[in-house]
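K.L.:
Structure of the sequence below:
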Amino acid sequence: MTCPTMNQAIHAQGVTVESANDAVGPGARPYRPVITVATVAERDGRFLMIEEETRMGIRLNQPAGHVEVGESIADAAARETLEEAAWQVDPTAVVGVYHWQSPVYGTYVRFTFAAKPRRHEPARTLDAGIVRALWLSYDEIAAHPMHRSPFVLRSIDDYRAGRRYPLGLIASL
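P.N.:
This is a model prediction of the structure:
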């Protein structure tokens, strides 16, 4: 008797796997935790945020996304910030690693980095689904009614509390 691979089992349920973490299709839910990255970039007391289209409508988030094959977790965070907010940033520290089990979308693990804004590329086209990038105060973020996930405010709260871990905490082998 042959044992189906994970992809065969997923496809049998009408779900397609587009990357190591993403399952899409009717009722799709990833079968393993989704690994994501994000940056907390602060400038003049304001934080770099994005508004993005989601399945639940427009939501507020830090620039965030997925790690691509062959890149480090910190490099992924910097790349996602450029793609989603048109800002080049330098990750300077790990703010936190967070685990969340969404009641709708599955389990997420997020690596959040403090990042220094280096250069804006205003002519750059933002990723599909990104409505705009904007700089908001903590109070504006806290008062916003539609955060993408609990990661959003928790990451900024930890950043403001001074939580910083060396980038070397995450070893690429």
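K.L.:
list the contacts for the residue nearest the centre of the chain?
P.N.:
Closest to where the C-alpha atoms of the chain average out (Cα atoms, centre = their mean) is residue 64, at 2.7 Å. Residue 64 makes contacts with 36, 37, 38, 39, 77, 80, 84, 110, 148, 151, as judged by Cβ atoms under 8 Å, 6 or more residues apart in numbering. For every residue, glycine as well, the C-beta is placed using N, CA and C.
K.L.:
can you count the residues close to the closest residue in space to the fourth one that isn't next to it in sequence?
P.N.:
Once flanking residues are discounted, residue 39 sits nearest to residue 115: 4.0 Å by Cβ to Cβ, 6 or more residues apart in numbering. Residues within reach of residue 115, counting by other Cβ atoms under 10 Å, total 26.
K.L.:
For residue 115, pull up the helix or strand it's in.
P.N.:
Using DSSP states H and E, residue 115 maps to strand 106-120.
K.L.:
chain center to the next helix or strand after that strand, what's the gap?
P.N.:
Sequence-wise, the next helix or strand downstream of strand 106-120 (DSSP H and E) is strand 130-137. In terms of Cα atoms, centre = their mean, to the nearest Å, the centre of strand 130-137 is found 15 Å from the chain centre.
K.L.:
list the buried ones in strand 130-137?
P.N.:
130, 133, 135, 136 (16 or more other Cβ atoms under 10 Å).
K.L.:
What's opposite the last one in the beta bridge?
P.N.:
In this structure, residue 136 has beta-bridge partners residue 47, where bridges are defined by DSSP bridges.
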